[in-house]
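> no sequence on this one, just coordinates:
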């Protein structure tokens, strides 16, 4: 049967496109973070369990839902998201701040400050009147503060 003649063919193409874009973005962030991250937030143990669970679910869905192209497309999105969860990190780097899979470039930051919360540094940065904090457990407050100050001088934002 011709794929274009199928009722949900647009959905299959959209799912493959979403999966491909997600994988490419994951690879981009992985390379970017490898060369940029200075202070990193360690991942929780459940991150890998959930990632493996998504992959197992994707394979099971393919076998139990009919083994069609639509199930492969759905599985590709689940697989891409699982890889994204396992590979991408949160942290502070030379090119920006990484939170929840998004890189906030230092060049866009208006101001940043480092505070101490229960012995751990918290970097709070502001972009267009929106403040975002990132906690860096296990890092030295002085080192983080010095790094943020250097980034402020390099990129021209107010760092405290």
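Happy to help now that I have it. All values derive from a computational prediction rather than experimental measurement.
> What sits closest to residue 48 if chain neighbours are left out?
residue 86 (6.0 Å; CB to CB, 6 or more residues apart in numbering). All C-beta spots, glycine's among them, are computed from the backbone N, C-alpha and C.
> Domains in this structure, by residue range?
With domains defined by automatic domain parsing, the chain comprises 8-88, 92-159.
> Surely residue 27 is in a helix?
Yes: judged by DSSP: H, G, I helix; E, B strand; the rest coil, residue 27 forms part of a helix.
> residues near it, how many?
If you count neighbours by other CB atoms under 10 Å, residue 27 ends up with 13.
> just residue 18 next, same as before
16.
> helices or strands up against the helix or strand hosting it?
Here residue 18, judged by DSSP states H and E, is contained in helix 9-36. Secondary-structure packing of helix 9-36 (3 or more CB pairs under 8 Å, 6 or more residues apart in numbering; DSSP states H and E): helix 69-87, strand 90-93, strand 96-99.
> circling back to that earlier point, enumerate every residue touching the residue nearest to residue 48.
By CB atoms under 8 Å, 6 or more residues apart in numbering, the residues touching residue 86 are 47-48, 51.
> Weed out the non-buried ones from these.
residue 51 (16 or more other CB atoms under 10 Å).
> so which of the contacts of residue 86 comes closest to residue 38?
residue 47 (21.0 Å; CB to CB).
> what about the nearest residue to the closest one once chain neighbours are set aside, neighbour count?
Nearest residue to residue 47, sequence neighbours excluded (CB to CB, 6+ apart): residue 85, at 5.8 Å. Neighbour count for residue 85, taken as other CB under 10 Å: 17.
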